[in-house]
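> With the input below, show me the fold.
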Amino acid sequence: MKQTVSVDRLQPGVFISLSEMGWLDHPFLLNRFRIADQEQIKVLRRLGLKEVEWDPARSTAQPLPEATAVVAEAEIDFTASALGSMLDVKRQRAERVRTQRDGLARCERLFEQETVGMSEILADLGSRPNESYGRAKTTVGRLVGGLLNADSVAVHLVNMKSKEPGLAHHAMNVMVVSLLLGKLAKLSEEEMRSLGLGALFHDVGKTDVPARVLRNAQRTKAEEQFYQAHVGYGIKNIAAIRDMPLAVKNIIACHHERWDGNGFPNRLGELKIPKLARIVAIANRYDNLCNPFDLTTAKTPAEAVAHMFKREAGFYDPELLQLFVKALGVYPPGSFVALSDGSIGLVIETNSKDLLHPLIMLHDPTVPRNEALLLDLSEAEAKIEGALSPAKLPIEVVEYLAPRGRIDYYIDAAH
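As a prediction, the model looks like this:
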């Protein structure tokens, strides 16, 4: 049951909620917050509030006793100017949110354009291999050029529109994560270009494997052999390309090799696995955990990272695995998180310069999803308390924050 308290009994340290009001109907950054000073209490009075909800568990002070409650001053009222100033700041904040939302929409459009282009490249590989490879080099060169000279890199969660993603979406995600990891590993420009091309083409052999085999999580021994043959099919499918570097071919050949020597097809181990293939192996596994064919088995990004560290650490180059977390952060985009103010949110953007303060989309049923509140944690008192599993959240919260259920990324480099 909700607990309420008279505004006249408030003091700094009491945690209150204004959830009955719209976000733009009050001047505070969040709907739930801990009272910081007397000025905030004066503003609450100016808003005409007599009582507010309060949360004893999140408060660092109790409301004042009834007998000693502070009443509104009878002298000159200075709260109007204070309220006006706060509302001005709130309006500026709302404008920044609109700008952020426009930026996210732009990234979604660019992601769709890139994946359409990649679909065409992969579809034409068999009939026009060298032309497709030329287009791939242009696409990868554009992304690599932007990344190499960037002061910081923002990783955006994309709300993908298509219901049935193909190999191009997987290739896009693996390429994005691989290039982020490659930048952190301080690869040369030539290595980055080879890395991007290898990530784009790493699964081209899957076009020769029946969908029933690819989608089957419980393959028979014969089906598993058929599945593993996609590596060889991939090498065959790019054989007609004249000037493909060996480093790119080795990514296709070795992206399923494992650090412990138990991968396929050649059971290579540790440093015998080409470095670029070791990078793509991490990115490939991460995307497969987040975006399996059966989305009911999907892991959140935070769960996928934890799974790779706790259960599969022996599969990957340990130094690259450490860099992988630095590339995406402890709470990668797509992670459901609990905030210290009691809110539930979804990480929708991280920045390489400040991974501890990502951009969060907040769940608020009073706000339409297309106008959902965006909170930059570098500007807020609230902090992330931990990751949440969507399986343990109310369905309406999950559908509000992540209606598509997929994790797709786009990168934006700042110079």
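> gap between residue 104 and residue 173?
As judged by CB to CB, to the nearest Å, residue 104 and residue 173 stand 17 Å apart. Just so you know, the C-beta spots here come from the backbone N, C-alpha and C atoms, and that holds for glycine as well.
> Those two: which has the busier surroundings?
Neighbours were counted for residue 104 and for residue 173 using other CB atoms under 10 Å; residue 173 has more, 27 against 21.
> Mind giving me the packing neighbours of the strand or helix carrying that one?
Assigned by DSSP states H and E, residue 173 belongs to helix 167-184. On a contact count with 3 or more CB pairs under 8 Å, 6 or more residues apart in numbering; DSSP states H and E, helix 167-184 meets helix 79-123, helix 129-148, strand 152-158, helix 189-201, helix 275-290, helix 318-328, strand 408-414.
> wait, which of those is closest to residue 392?
In terms of CB to CB, the element of the helices and strands packed on helix 167-184 nearest to residue 392 is helix 275-290, at 17.8 Å.
> quick check: angle from the next helix-or-strand element following that closest one to strand 152-158?
Counting by DSSP H and E, the next helix or strand C-terminal to helix 275-290 is helix 301-310. For helix 301-310 against strand 152-158, the angle by axes from the mean of the first three to the mean of the last three CA atoms, to 10 degrees is 110 degrees.
> by contact count, what packs against helix 301-310?
Checking 3+ CB pairs under 8 Å, 6+ apart, helix 301-310 ends up next to helix 275-290, helix 318-328.
> quick one: low-confidence ranges for the stretch 151-300 of the chain?
159-165 (pLDDT under 70).
> any low-confidence regions in the stretch 301-415 of the chain?
Short version for the stretch 301-415 of the chain, where the test is pLDDT under 70: 403-405, 414-415.
> could you redo the helices and strands packed on helix 167-184 as a markdown table and give each row distance to residue 253?
Below are the helices and strands packed on helix 167-184 laid out as a markdown table (distance: least, CB to CB, whole Å):
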| stretch | distance to residue 253 |
| --- | --- |
| helix 79-123 | 18 |
| helix 129-148 | 17 |
| strand 152-158 | 28 |
| helix 189-201 | 10 |
| helix 275-290 | 7 |
| helix 318-328 | 18 |
| strand 408-414 | 25 |
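> and of these, who's closest to residue 268?
Across the helices and strands packed on helix 167-184, closest to residue 268 is helix 275-290 (CB to CB), at 8.8 Å.
> Send me the closest one as PDB with only the CA atoms.
Extracted C-alpha coordinates of helix 275-290, given in PDB (Å, rounded to 0.1, in the frame of the first residue of the first chain):
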ATOM      1  CA  LYS A 275      44.100 -12.900 -33.800                       C
ATOM      2  CA  LEU A 276      41.400 -11.500 -36.000                       C
ATOM      3  CA  ALA A 277      39.500 -14.800 -35.900                       C
ATOM      4  CA  ARG A 278      39.800 -14.800 -32.100                       C
ATOM      5  CA  ILE A 279      38.100 -11.400 -32.000                       C
ATOM      6  CA  VAL A 280      35.300 -12.400 -34.400                       C
ATOM      7  CA  ALA A 281      34.800 -15.600 -32.300                       C
ATOM      8  CA  ILE A 282      33.900 -13.400 -29.200                       C
ATOM      9  CA  ALA A 283      31.600 -11.100 -31.200                       C
ATOM     10  CA  ASN A 284      29.900 -14.000 -33.000                       C
ATOM     11  CA  ARG A 285      29.200 -15.900 -29.700                       C
ATOM     12  CA  TYR A 286      27.900 -12.800 -28.000                       C
ATOM     13  CA  ASP A 287      25.400 -12.100 -30.800                       C
ATOM     14  CA  ASN A 288      24.300 -15.700 -31.000                       C
ATOM     15  CA  LEU A 289      23.500 -15.600 -27.200                       C
ATOM     16  CA  CYS A 290      21.600 -12.400 -27.500                       C
END
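> tell me the angle it makes with helix 318-328.
Helix 275-290 runs at 60 degrees relative to helix 318-328, counting by the same axes, to 10 degrees.
> From the contact counts, what lies against helix 275-290?
Counting contacts by 3+ CB pairs under 8 Å, 6+ apart, helix 275-290 packs against helix 167-184, helix 189-201, helix 246-254, helix 301-310, helix 318-328.
> picking that back up, figure out which of the helices and strands packed on helix 301-310 is closest to residue 401.
Each of these has some distance to residue 401 by CB to CB; the shortest is helix 275-290, at 15.3 Å.
> residues of that closest one that come out buried?
275-290 (16 or more other CB atoms under 10 Å).
> before we move on, what SS does the residue nearest to residue 13 when sequence neighbours are not counted have?
The shortest distance from residue 13 to any non-neighbouring residue, by CB to CB, 6 or more residues apart in numbering, is to residue 61 (2.8 Å). Look at residue 61: counting by DSSP: H, G, I helix; E, B strand; the rest coil, its state is coil.
> Return the set of buried residues in stretch 143-154.
In stretch 143-154, counting by 16+ other CB under 10 Å, buried: 143, 144, 146, 147, 148, 150, 153, 154.
> Quick check: nearest residue in space to the most centrally placed residue in the chain, chain neighbours excluded?
Among the residues of the chain, the one closest to the centroid is residue 333, at 1.1 Å (CA atoms, centre = their mean). Of all residues not flanking residue 333 in the chain, residue 157 sits nearest, at 3.8 Å (CB to CB, 6+ apart).
> Spit out the contact partners of that neighbour.
333, 334, 346, 347, 348, 349, 407, 408, 409 (CB atoms under 8 Å, 6 or more residues apart in numbering).
> JSON lines for the helices and strands packed on helix 275-290, including distance to residue 138?
Listed next are the helices and strands packed on helix 275-290 as JSON lines, based on distance: least, CB to CB, whole Å:
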{"stretch": "helix 167-184", "distance to residue 138": "14"}
{"stretch": "helix 189-201", "distance to residue 138": "11"}
{"stretch": "helix 246-254", "distance to residue 138": "15"}
{"stretch": "helix 301-310", "distance to residue 138": "30"}
{"stretch": "helix 318-328", "distance to residue 138": "25"}
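> Of those, which is nearest residue 22?
Nearest of those (CB to CB): helix 301-310, 30.7 Å.
> just the angle between the closest one and strand 408-414, please?
90 degrees.
> then helix 301-310 to CSV, C-alphas only?
Extracted C-alpha coordinates of helix 301-310, given in CSV (Å, rounded to 0.1, in the frame of the first residue of the first chain):
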residue,chain,number,x,y,z
PRO,A,301,23.4,-8.5,-23.0
ALA,A,302,24.4,-8.4,-19.4
GLU,A,303,23.5,-12.1,-19.0
ALA,A,304,25.4,-12.9,-22.2
VAL,A,305,28.6,-11.2,-21.0
ALA,A,306,28.3,-12.9,-17.6
HIS,A,307,27.7,-16.3,-19.3
MET,A,308,30.8,-15.9,-21.5
PHE,A,309,32.9,-15.0,-18.4
LYS,A,310,31.6,-17.6,-16.0
